[in-house]
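Trainee: got a predicted structure here, sequence first:
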Amino acid sequence: MKKNSGMFFGLPCWKAGAVLVVLCAFTTGSRADVIQVDNTANTPQSFDDATFDWYAQVFTTTTSAGNFSSLTLELNATVGSTAFIDLYSSDLTTVDQLHLGIVTASSTGDQQITPVTILNNYSLAPNTSYAIVLESTTSGSIAWDFNSLDNNNVFEGNGSLGGNYNSYQGGPEWDPNYHGSYELGITTPVPEVPTTGAVMGFGALAIALGHTLRRKLRSAVFRNA
């Protein structure tokens, strides 16, 4: 009678293990986004009009940061309005200015808007403070929603939110705003634990198991011969 103790999912164990080892060569570690800060779930209390002034919200990254994977702002706007988004150092010095992208309102009223494109592939450093700046509108009307002081520290993510400021046309003077945080969400990509090693180990185990079973079967046949 033919024994199938060395079978694994309908294949001999050594073949199944070899298949798994080959498949792992095409397996890459998946990626997930880590939330730095995100308070866009809060109901806006009011907004600051960016017709002339620029507005800034300071935040601090987590121990794991990197390139922007998404940047979303909660804005109050009229349809078709546009404005520039900048990245500053937390002290809001103009020499550190970096254009991130352009926001364009697709409707009128409160809405979450993501810049059309991140113009610079800028990598955020871990445990570092920055400021997201909404410039005055280039067309139409755009204002930045802020939440109440009661919700000032209610947000997702392991980073933190700092103060917020305004300036006429971007400085050089920035005045503090004494209300809740401007609403924004920032995520960065972080590689997850690769699955390749686990698959290779499983395949090697299947191969080893196949060899062990075959040796035992051969020994049993010789003893019974």
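Mentor: Cool, got the structure. Numbering: from 1, shown residues only.
Trainee: compute the first-to-last residue distance for stretch 107-126.
Mentor: Between the start and the finish of stretch 107-126 there is a gap of 35 Å, counting by Cα to Cα, to the nearest Å.
Trainee: buried sites along it?
Mentor: Neighbour-count burial for stretch 107-126 flags 111, 113, 115, 118, 124 (criterion: 16 or more other Cβ atoms under 10 Å). In this view, the C-beta of every residue, glycine as well, is placed from N, C-alpha and C.
Trainee: give me the residues contacting the helix or strand hosting the first one.
Mentor: Taking DSSP states H and E as the criterion, residue 111 maps to strand 109-113. Outside strand 109-113, the residues that touch it by Cβ atoms under 8 Å, 6 or more residues apart in numbering are 40, 44, 47, 72-77, 103-106, 145, 185.
Trainee: got the domain ranges for this protein?
Mentor: 7-29+195-224, 31-191 (automatic domain parsing).
Trainee: would you single out the least confident of these?
Mentor: Lowest mean pLDDT within the domains of the chain: domain 7-29+195-224, at a mean of 49.
Trainee: hang on, the earlier thing: among the domains of the chain, show me which one is buried the most.
Mentor: domain 31-191 (a mean of 18; mean count of other Cβ atoms under 10 Å).
Trainee: from the chain's centre, how far out does that domain sit?
Mentor: 15 Å (Cα atoms, centre = their mean, to the nearest Å).
Trainee: list the contacts of the closest residue to residue 53 other than its chain neighbours.
Mentor: Among residues not flanking residue 53 along the chain, residue 166 sits closest, at 4.8 Å (Cβ to Cβ, 6 or more residues apart in numbering). Neighbouring residues of residue 166 by Cβ under 8 Å, 6+ apart: 48, 53, 54, 55, 56, 174, 175, 177.
Trainee: and if we set it to 10 Å?
Mentor: 48, 50, 52-56, 134, 144, 173-177 (Cβ atoms under 10 Å, 6 or more residues apart in numbering).
Trainee: for residue 139, give its distance to residue 166.
Mentor: 20 Å (Cβ to Cβ, to the nearest Å).
Trainee: cool, residue 177 as well?
Mentor: 6 Å.
Trainee: which residues do the two both contact?
Mentor: Common neighbours of residue 177 and residue 166 (Cβ under 10 Å, 6+ apart) are 48, 55, 56.
Trainee: okay, strands next: where are they in the chain?
Mentor: Secondary structure of the chain (DSSP state E): strands located at 7-8, 11-12, 31-38, 46-49, 53-60, 70-77, 82-89, 98-104, 109-113, 129-134, 142-146, 160-168, 175-176, 184-191.
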